[in-house]
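Peer 1: Sequence plus the predicted model coming up.
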Amino acid sequence: MHHRRHSLRRPGELHLSEEGRELARRLRTEVGPYDLVVTSSAVRAVETAQALADPPAATLDELREMPEEVARAIATVKVADFATLLDLVRTHPVVAHYAARQAELWRGLGRRVPDGGRVLIVSHGGIIEVGACGALGSAVETWGGPLAPLEGVALTMDADSWTGGSVLRLRPEPTGTR
């Protein structure tokens, strides 16, 4: 299962920028195909899925926004990396509950594909990091800072359990020759 943040857009815009669409199209050759594509109901997430893989089979509001109480709790700490969020998941009951709900939602999507099947979820920064904490716990501590556009997490599961994961970072574009 890959869960990626939507691609680039201009501040305040609902739609991806042309640069964001092109970045997702370039990544498409490296990531697909997927058996199931699910996104947040936000236009930018749907457009990312269309450029990166296929139109989504479903859009889910649960992948669109964090509950206000969770967002407020996260805003009280300086989130520098996955480890900071994991500490918050471990100590704040509302954040812990949300992280567990996200992990269970993702697990349910994983159950919809056959063994060895591949799922792509496209949603938003913050949601992915907290959900990964809920799914994998301490395994995320070394994953570094928050996700940039199109970055995400790769999670593996068997029957009903998360078995591992890694962070999906974009390689920087070459800036020219020296």
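Peer 2: Received the coordinates, thanks. Here the structure is a predicted model, which is why all the values come from computation and not from measurement.
Peer 1: any idea how far residue 25 lies from residue 119?
Peer 2: Here residue 25 is placed at a distance of 20 Å from residue 119 (CB to CB, to the nearest Å). (Each C-beta comes from the backbone N, C-alpha and C, glycine too.)
Peer 1: between the two, who's got more neighbours?
Peer 2: residue 119 (21 against 13; other CB atoms under 10 Å).
Peer 1: Residue 35 is in contact with that one, correct?
Peer 2: Yes. Using CB atoms under 8 Å, residue 119 is in contact with residue 35, at 6.8 Å.
Peer 1: and for those two, which residues touch both?
Peer 2: Common contacts of residue 119 and residue 35 (CB atoms under 8 Å, 6 or more residues apart in numbering): residue 113.
Peer 1: What is the helix-or-strand element of the chain with minimal mean pLDDT packed up against?
Peer 2: Lowest on mean pLDDT, DSSP states H and E among the helices and strands of the chain sits helix 18-31, with a mean of 92. Using 3 or more CB pairs under 8 Å, 6 or more residues apart in numbering; DSSP states H and E as the contact test, the elements touching helix 18-31 are helix 43-52.
Peer 1: List of residues touching whichever helix or strand comes after the helix it packs on?
Peer 2: Going down the chain from helix 43-52, the next helix or strand is strand 58-60, by DSSP states H and E. For strand 58-60, contacts defined as CB under 8 Å, 6+ apart pick out 38, 39, 40, 41, 45, 46, 105.
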